[in-house]
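Undergrad: what shape does this take:
(one chain, ligands or ions: 1)
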Amino acid sequence: MFQDTLLADLAVELPSAVRLQRLVVTLREYFRCGAVCLLQLKGEALTPVAVDGLVHEALGRRFVIAQHPRLAAILASRRTVSFPPDSTLPDPYDGLIEQHPGEPLHVHDCMGISLHEAGETWGVLTLDALCPGVFDRQAEDDLQRFTLLVEAAVRMTRLEQDIRGLRLVRHDSETPRRRHDDGEILGQSMLIRRLLEELDVVADSELPVLLSGETGVGKELFARRLHQQSPRAAAPLVHVNCAALPESLAESELFGHVKGAFSGADTARPGRFEAAHGGTLFLDEIGELPLAIQAKLLRALQNGEIQRLGEDTPRRVDVRIIAATNRHLQDGVRDGHFRADLYHRLSVYPVPIPPLRKRGSDVLVLAGHFLELNRARLGLRSLRLSAQAEATLCAYEWPGNVRELEHVISRAAIKALSRGAARHEIITLEAELLDLAQAPLLNDASSQGLSQRLSQERSQEPTQERSGQDNAAPEQHRMSLQESVTQAQRQAIALALEANRGNWAAAARHLNVDPSNLHKLARRLGVKGAV
Ligand SMILES: Nc1ncnc2c1ncn2[C@@H]1O[C@H](COP(=O)(O)OP(=O)(O)OP(=O)(O)O)[C@@H](O)[C@H]1O
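TA: Next up is the predicted model:
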């Protein structure tokens, strides 16, 4: 039955994320265990690519092998590696099991196996059972046998990706480009997946790209990705922050100068355009560029030539431009701060980057990433979010986007330590540590409710995002502190009930509250009977 399902899946065309997700769900059913995780080796770390039975934010974690001896042991062997219930090696999923979030994985069975593809180590598959004795000799042998099918599914997804890569470079004889992973863009939402696909197509062209979006949405990260996926990847990517260029120095910074061009110009110096020759020039905060420099930039773009300050002969440069802005450049054009001709030249391919509040549960995936970074940086055993903290993160408006989330998690981790949390215990960040209670939250209509959003995304059904309504500006209103707390409480309860299939006692355990208090609170909030 199990092999039949896997073999049937191998025969049909499926998006890779769906293929691998179905694989882990099928494995979890077969082995009747608490969690299954498929992790891909990327550099020094293992990246979860499909999980079943772990909390959602686990997808954003990156497990550095040197910090996780169980994963290192699995990687080092070609056979099933089992860890007995009394193993003293720390478990990478401590506190991340969906059925018992925040609880240490004390007595449990764990096994895993390394996976190989095209003669190289591809990653690992791990299985955790919450009771000891589930993984017997037979289970170990089964896992060993099934590895061939798992590796075949992995190979299918690799082939599908390669075919996509070949389509992108079909006009020349290059082999598919190597994907770099520094500055990985995290996110599972349809909005981000579609955006990345679009970026990979436009990366291949020579078109100038204008990235726009609120502060902290990741414009620099997207610019780097565009460059890395472009035929210019081996040449430099030169970053210029236009807001930090004083008008008096902007021209020589961009175009260079000859010796003696101005007082202090003791030697000739090439500018950023020449430094980016053959590669990409990333003009960040382009809206801040002084008008006088805009005219010179326009000439450089029109003619493909620049002139060093103090030099008569122009120099040819071969540079692709990516510009970024967190303002509406058209407003600048309207009020005379930005040249219309330059705007049209830069915005040949405009790419709006969605704010974090429109990316559904990506906020949890990103939170997982920042939790793991802080866990490693602070030398902690495990760092995770309480259910209420998750709900609070999902309900918050994020005016500072991903950068703000990064800071919120780092601050909360340090606060937890300063309040006496022990490094060797599982540290659960509660909602109040996130310091968001007084900040604006999305209202119910636009945040949809966390549990509804999570289940929409999991079921792969058309979401609001896909239906295109995401472009409408979310309706927001300022909530009082009391309203914000009430909303976060409602969402936490709904989430806990969903995670525990409507079982109130289990939901109370999940939320770490007394069951009778949970009933009372739910009645007061009007949740009881409504969910
Ligand atoms: N999807 C993402 N995955 C992982 N990290 C992200 C993502 N988006 C943003 N970040 C991180 O968030 C931080 C802010 O991103 P970045 O500096 O690229 O934003 P920005 O849009 O350029 O902001 P600004 O307009 O203020 O310059 C960085 O640390 C970046 O690595």
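Undergrad: what segments of the stretch 101-250 of the chain are helices?
TA: Counting by DSSP state H, counting those that start in this stretch, the stretch 101-250 of the chain has these helices, from start to end: 137-168, 190-203, 219-228, 247-255.
Undergrad: list the contacts for the closest residue to the ligand within the chain?
TA: Nearest residue of the chain to the ligand: G218, at 2.7 Å (C-beta to the nearest ligand atom). Glycine gets a C-beta too; all of them are placed from N, C-alpha and C. Applying C-beta atoms under 8 Å, 6 or more residues apart in numbering, we find G218 in contact with I185, I353, N401, V402.
Undergrad: could those residues go into TSV alongside neighbour count and pLDDT?
TA: Listed next are the contacts of G218 as TSV, based on neighbours: other C-beta atoms under 10 Å; pLDDT from 0 to 100:
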residue	neighbour count	pLDDT
I185	15	92
I353	22	97
N401	25	95
V402	24	96
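Undergrad: buried ones in stretch 123-140?
TA: Within stretch 123-140, the residues scored as buried using 16 or more other C-beta atoms under 10 Å are G123, V124, L125, T126, L127, D128, A129, L130, V134, F135, A139, E140.
Undergrad: and W122, how far is that from L27?
TA: W122 sits at a distance of 16 Å from L27 (criterion: C-beta to C-beta, to the nearest Å).
Undergrad: more neighbours: these two, which one.
TA: Shown here are W122 and L27; by other C-beta atoms under 10 Å, L27 has more neighbours (25 against 18).
Undergrad: how about that one, secondary structure?
TA: helix (DSSP: H, G, I helix; E, B strand; the rest coil).
Undergrad: give me the element the closest residue in space to it that isn't next to it in sequence is part of.
TA: For L27, ignoring the flanking residues on the chain, the nearest one in space by C-beta to C-beta, 6 or more residues apart in numbering is V36 at 4.8 Å. Secondary structure from DSSP states H and E places V36 in strand 35-42.
Undergrad: anything in that strand near the ligand?
TA: No. Strand 35-42 is not in contact with the ligand by C-beta under 6 Å from any ligand atom; minimum separation 13.8 Å.
Undergrad: now do that strand, average pLDDT.
TA: What strand 35-42 shows for mean pLDDT is 94.
Undergrad: partners of that strand in the sheet?
TA: With DSSP bridges as the test, strand 35-42 is paired with strand 45-52 (antiparallel), strand 120-129 (antiparallel).
Undergrad: quick one, which of those strands is nearest to T313?
TA: Smallest distance to T313 across the strands paired with strand 35-42 (C-beta to C-beta): 50.0 Å, for strand 45-52.
Undergrad: run the chain-centre distance for the helix or strand following the closest one.
TA: Next along the chain after strand 45-52, taking DSSP H and E as the criterion, comes strand 63-64. Between the centre of strand 63-64 and the centre of its chain there are 16 Å (C-alpha atoms, centre = their mean, to the nearest Å).
Undergrad: show me what strand 63-64 is packed up against.
TA: Applying 3 or more C-beta pairs under 8 Å, 6 or more residues apart in numbering; DSSP states H and E, we find strand 63-64 packed against strand 45-52.
Undergrad: tell me which parts of the stretch 301-450 of the chain are close to the ligand?
TA: N326, L366, V402, R403, E406.
Undergrad: show me the two of those that sit farthest apart.
TA: Taking C-beta to C-beta, no two of these sit farther apart than N326 and L366, at 18.8 Å.
Undergrad: which of these two has more neighbours?
TA: L366 (24 against 18).
Undergrad: where does the prediction get shaky in the stretch 401-531 of the chain?
TA: Scanning the stretch 401-531 of the chain with the threshold set as pLDDT under 70 gives 437-485, 499, 501, 512, 528-531.
Undergrad: where do the strands of it begin and end?
TA: 426-429 (DSSP state E, counting those that start in this stretch).
Undergrad: mind listing what T215 touches?
TA: Taking C-beta under 8 Å, 6+ apart as the test, what T215 contacts is N326, G400, N401, R403.
Undergrad: for S205, that is, sorry about that
TA: Here S205 is in contact with Y349 (criterion: C-beta under 8 Å, 6+ apart).
Undergrad: pLDDT score for it?
TA: For S205, the model assigns a pLDDT of 88.
Undergrad: closest to the centroid, which residue in the protein?
TA: L186 (1.6 Å; C-alpha atoms, centre = their mean).
Undergrad: may I ask you to confirm that it is in contact with E372?
TA: No. Assessed by C-beta atoms under 8 Å, L186 is found out of contact with E372, at 11.2 Å.
Undergrad: who touches both of these two?
TA: Common neighbours of L186 and E372 (C-beta under 8 Å, 6+ apart) are G60.
Undergrad: what ranges does the stretch 201-350 of the chain have for its strands?
TA: Here the stretch 201-350 of the chain has its strands, by DSSP E, counting those that start in this stretch, at 209-212, 237-241, 256-257, 269-270, 280-284, 305-306, 315-316, 320-325, 349-352.
Undergrad: what packs against the last one?
TA: Translated: strand 349-352. helix 190-203, strand 209-212.
Undergrad: which of these has the lowest average pLDDT?
TA: Looking at the helices and strands packed on strand 349-352, the bottom one is helix 190-203 with a mean of 91.
Undergrad: run a quick neighbour tally on the closest residue to I321 other than its chain neighbours.
TA: Sequence neighbours aside, P208 is the residue nearest to I321 in space, at 4.4 Å (criterion: C-beta to C-beta, 6+ apart). The local packing of P208 (other C-beta under 10 Å) involves 19 other residues.
Undergrad: quick check: P208 vs L71, distance?
TA: 43 Å.
Undergrad: about what we covered before: okay if I get the strands paired with strand 35-42 as a markdown table plus distance to the ligand and mean pLDDT?
TA: A markdown table is the format used below for those (distance: least, C-beta to the nearest ligand atom, whole Å; pLDDT from 0 to 100):
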| stretch | distance to the ligand | mean pLDDT |
| --- | --- | --- |
| strand 45-52 | 12 | 92 |
| strand 120-129 | 20 | 93 |
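Undergrad: quick check: which of those strands is nearest to V202?
TA: Nearest to V202, of all the strands paired with strand 35-42, is strand 45-52, at 25.1 Å by C-beta to C-beta.
Undergrad: between the closest one and helix 137-168, how many degrees?
TA: In terms of direction (axes from the mean of the first three to the mean of the last three C-alpha atoms, to 10 degrees), strand 45-52 departs from helix 137-168 by 110 degrees.
Undergrad: confidence score at the residue nearest to I321?
TA: Here the pLDDT value assigned to P208 is 93.
Undergrad: ok, P104 next?
TA: 62.
Undergrad: for stretch 225-233, the distance to its chain's centre please.
TA: How far stretch 225-233 lies from its chain's middle: 19 Å, per C-alpha atoms, centre = their mean.
Undergrad: how about the closest residue to I113 other than its chain neighbours, what does it touch?
TA: Nearest residue to I113 in three dimensions, chain neighbours excluded: T80, at 5.0 Å (C-beta to C-beta, 6+ apart). Neighbouring residues of T80 by C-beta under 8 Å, 6+ apart: M111, G112, I113, E140, D141, L143, Q144.
Undergrad: next one: the closest residue to Q40 other than its chain neighbours from V333, what distance?
TA: Sequence neighbours aside, G123 is the residue nearest to Q40 in space, at 4.1 Å (criterion: C-beta to C-beta, 6+ apart). The spacing between G123 and V333, counted by C-beta to C-beta, is 49 Å.
Undergrad: what do you get for S230?
TA: 28 Å.
Undergrad: show me which of these two is the more surrounded one.
TA: For the pair S230 and V333, the greater number of neighbours falls to S230 (24 against 16), based on other C-beta under 10 Å.
Undergrad: what count of nearby residues applies to the nearest residue to that one once chain neighbours are set aside?
TA: Spatial nearest neighbour of S230, excluding adjacent residues (C-beta to C-beta, 6+ apart): A203 at 4.5 Å. Neighbour count for A203, taken as other C-beta under 10 Å: 23.
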